[in-house]
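> What follows is a predicted protein model with its sequence.
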Amino acid sequence: MSVRIYIDNAPPFYSNLDTISGRITLSLSSDENISAILVKLEGESKTALERPPGAFQHWDPSLMTEKDQRQGVSRENHKVLYKVSQVFPTQNPGLGATAGSVYTLRAGQHEYPFRFKIPVYSGCLDSQSQQLVPGMKLGGLGKGRQQLQYTHVKQPLPPSLTGFPGEAEIRYYAKVTVQRPSLFKANRRWVVGFRFMPIELPRPPPSANEVYARRPYSFQPNSAYPQTFKLVPRGEVDARLPSPAVLTCNEPVPLRIIVRKLSEGSEQLYLMLLQLYLIGSTEVRAGDVVRLEPHVWNVMSTNRLVMPIGSPSDTSGTEIVVDTALWDHIPLPNTVAPSFHICNLTRKYDLDVRIGLGYGTPGNTQLQTIIPLCFQVDVSSGISPPAALVTAMAPAYDTPCLQLGDAVDGGMDVLPNYADAIANDPESLGGERRNFSGVTDLNAPDLEENSAPTGDLKSNPVPPPSYV
Ligand SMILES: [Zn+2]
């Protein structure tokens, strides 16, 4: 017996509200008795962290394997996506299929189509979803019980993540199980992984508001020539982003740099260095153990600039906008995943802008000061939500002061309800597609045919992104 999954027209990645369809092929060399064939669409967020010595008291030891207790490892595995479809026998009451029935399939090849629609929000908080997860096993750690013990949040499905082998990963896959009635014949399974990238949830309408970070700049004059003190420029420099501060995967940073002069008759000011770093922080949580994993992406770095800013004749208060051509063609590295927050993992970002200024005369300038300016930013996938979802969510944005994060995270559940309604609409379609993050791999769990998943985190052959 051999069973396989073939996905129709698999795109580079799937997103929320996409339909994933395909077929199961079952090849039999002889007649076989089958109870049922189930296809599951699963997403899991797994974390595993070593516990510091003496940190066992807050975690139910009955939820840990003996091996984990011995090794002092704390784990969480959240079924953020769990959908089941029985493709054989079809659950059509007219066919008279009943629990416990056994069907004999003839030798040869059999095909069963399947189809799922990927929801917007994670499902592990949903008690109905938890009940669908295979329950407690005798003498073991039932996944259903584990799901009930964890702390869950209802959040948009997180992106696939594989940058932390053995510590944290988010995987999505389709799995088929051929159930066989004989105690002596194990069920057959096959798994196909797929990449997932969340849609960008509808945002409030754009406005002209900006967020900014500002610092003064000044230079140390040459004390040997006090007569030159008045020639030393001083002022302030702003780095600005549209509000709310959201960067988009694979797009340039929508940054503006504004220099405000607060001196007159000073020497020429120059921009001499510009560096943009995206600083990611992944919070990995497993039981009562938490670890922060930092990452730094060098978006751009140039230190050979001699770009005049304004002119010596500028009056105090003059504002000069630095030419965005320096960075407006440089996209975020494609290894940057969107920000996300799920039960046991959170990814956040800061944008660090470093502006180097100097003054003097052409041919006689040198870097004098570096101004660091830092923002908290969100990174979105850039995958447009379907128009139906935007329309459905529009009334929520008429409410003053509504923040999307608050609405999703807190007691206001109107947005998930809209999203769930759209997710059940078979006609709704996803939006524009972009290149996917290179961090994430096609990532089904390793699964030998004829055996169940071990539940252990596997090391992943994909190298981590290149950090600075
Ligand atoms: Zn959860």
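Alright, I've got the coordinates. Treat the numbers as computed from the prediction; the structure is a model and nothing was measured.

> For this structure, which residues are neighbours of the ion?
Residues of the chain that fall close to the ion, judged by C-beta under 5 Å from the ion: 78, 124, 152, 343. No exception for glycine: its C-beta is placed from N, CA and C like everyone else's.

> Run a quick neighbour tally on R189.
If you count neighbours by other C-beta atoms under 10 Å, R189 ends up with 21.

> Bridged to it, which residues?
T177 (DSSP bridges).

> picking that back up, got JSON lines for the residues of the chain next to the ion, with pLDDT, secondary structure and neighbour count too?
As requested, the residues of the chain next to the ion are exported to JSON lines (pLDDT from 0 to 100; DSSP: H, G, I helix; E, B strand; the rest coil; neighbours: other C-beta atoms under 10 Å):
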{"residue": "H78", "pLDDT": "94", "secondary structure": "strand", "neighbour count": "27"}
{"residue": "C124", "pLDDT": "88", "secondary structure": "coil", "neighbour count": "28"}
{"residue": "H152", "pLDDT": "92", "secondary structure": "coil", "neighbour count": "21"}
{"residue": "C343", "pLDDT": "95", "secondary structure": "coil", "neighbour count": "24"}
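
> Just send those residues back as a markdown table, with distance to S218 too.
Compiled in a markdown table, these are given as follows (distance: C-beta to C-beta, whole Å):
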| residue | distance to S218 |
| --- | --- |
| H78 | 51 |
| C124 | 53 |
| H152 | 51 |
| C343 | 48 |
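
> quick one: low-confidence parts of this protein?
54-71, 91-99, 127-148, 222-230, 392-468 (pLDDT under 70).

> domains for it, by residue range?
In terms of domains, the chain is parsed into 2-200, 210-380, 387-421 (source: automatic domain parsing).

> for T391, helix, strand, or coil?
Following DSSP: H, G, I helix; E, B strand; the rest coil, T391 is assigned to helix.

> gap between it and the ion?
29 Å (C-beta to the ion, to the nearest Å).

> give the contact list for that residue.
Neighbour list for T391: empty [criterion: C-beta atoms under 8 Å, 6 or more residues apart in numbering].

> going forward can the numbers begin at 92, since that is how I track them
Taking 92 as the first residue, the last one we looked at is T482.

> measure it to P272 for me?
Using C-beta to C-beta, to the nearest Å, we find T482 at a distance of 49 Å from P272.

> Helices along the stretch 142-291 of the chain, start to end?
157-162, 218-223, 234-240 (DSSP state H, counting those that start in this stretch).

> I'd guessed I98 sits against A265; true?
Yes. The criterion here is C-beta atoms under 8 Å, and I98 meets it with A265 at 6.8 Å.

> Which neighbours do the two have in common?
With C-beta under 8 Å, 6+ apart as the test, I98 and A265 both reach 111, 113, 283, 285.

> now those in CSV, with neighbour count?
Shown next, in CSV, are the shared contacts of I98 and A265 (neighbours: other C-beta atoms under 10 Å):
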residue, neighbour count
I111, 22
G113, 21
V283, 18
F285, 23
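
> coming back round to it: give the residue from I98 and A265 that has the larger number of neighbours.
Neighbour count, other C-beta under 10 Å: between I98 and A265, A265 has more, with 25 against 15.

> need the contact list for the more buried one.
Listed by C-beta under 8 Å, 6+ apart, the contact set of A265 reads 96, 98, 111, 113, 130-133, 205, 207, 282-283, 285.

> Just want to check the distance between it and M391.
The gap separating A265 from M391 is 39 Å, by C-beta to C-beta.

> rewinding a little: strands - which of the contacts of A265 land there?
Among these, the members falling in strands (DSSP state E) are 96, 98, 111, 113, 130-133, 205, 207, 282-283, 285.

> Just give me the closest of those to the ion.
Distance to the ion, by C-beta to the ion, is smallest for E133 among those, at 13.1 Å.

> Look at that closest one and say how many residues are nearby.
A count of nearby residues for E133, using other C-beta under 10 Å, gives 21.

> and if you look at P424?
Using other C-beta under 10 Å, the number of residues around P424 comes to 17.

> just the helices in the stretch 392-541 of the chain please.
Here the stretch 392-541 of the chain has its helices, by DSSP H, counting those that start in this stretch, at 478-488, 495-500, 505-514.

> which ones are touching the spatially most central residue of the chain?
Nearest to the geometric centre of the chain sits P250, at 3.7 Å (C-alpha atoms, centre = their mean). Listed by C-beta under 8 Å, 6+ apart, the contact set of P250 reads 261, 287-289, 428-429, 431, 472, 528, 531.

> and if you look at L140?
For L140, the contact set (C-beta under 8 Å, 6+ apart) comprises 164-166, 258, 375-378, 380-382.

> and whichever strand in the chain runs longest, how far out from the chain's middle?
Assignment by DSSP E gives strand 359-377 as the longest strand of the chain. Averaging C-alpha positions (C-alpha atoms, centre = their mean, to the nearest Å) puts strand 359-377 19 Å from its chain's average.

> and what of stretch 384-392?
Stretch 384-392 has its C-alpha centroid displaced from the chain centroid by 16 Å (C-alpha atoms, centre = their mean).

> thinking again about what came up before, make a markdown table out of the contacts of A265 and add distance to Y368.
Output for those, formatted as a markdown table (distance: C-beta to C-beta, whole Å):
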| residue | distance to Y368 |
| --- | --- |
| I96 | 41 |
| I98 | 38 |
| I111 | 36 |
| G113 | 41 |
| V130 | 44 |
| K131 | 41 |
| L132 | 37 |
| E133 | 36 |
| F205 | 44 |
| F207 | 39 |
| V282 | 38 |
| V283 | 37 |
| F285 | 31 |
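
> Tell me the one of those residues nearest F104?
Checking the contacts of A265 against F104 by C-beta to C-beta gives F285 as the nearest, at 7.2 Å.

> my guess is I115 meets F205, correct?
Yes. Assessed by C-beta under 8 Å, I115 is found in contact with F205 at 6.4 Å.

> which residues do the two both contact?
130, 178.

> And for the residue lying closest to V323 once chain neighbours are set aside, the neighbour number?
Closest residue to V323 apart from its sequence neighbours, by C-beta to C-beta, 6 or more residues apart in numbering: P312 at 4.7 Å. Other residues near P312 number 14, with proximity taken as other C-beta under 10 Å.

> what does S298 give?
Neighbour count for S298, taken as other C-beta under 10 Å: 9.

> Quickly find the element holding it.
S298 is part of no helix or strand, with elements assigned from DSSP states H and E.

> Tell me the bridge partners for the spatially closest residue to D414 that is not a sequence neighbour.
In space, not counting the residues next to it along the chain, D414 is nearest to M398; the distance is 7.4 Å by C-beta to C-beta, 6+ apart. Counting by DSSP bridges, M398 is bridged to L362.
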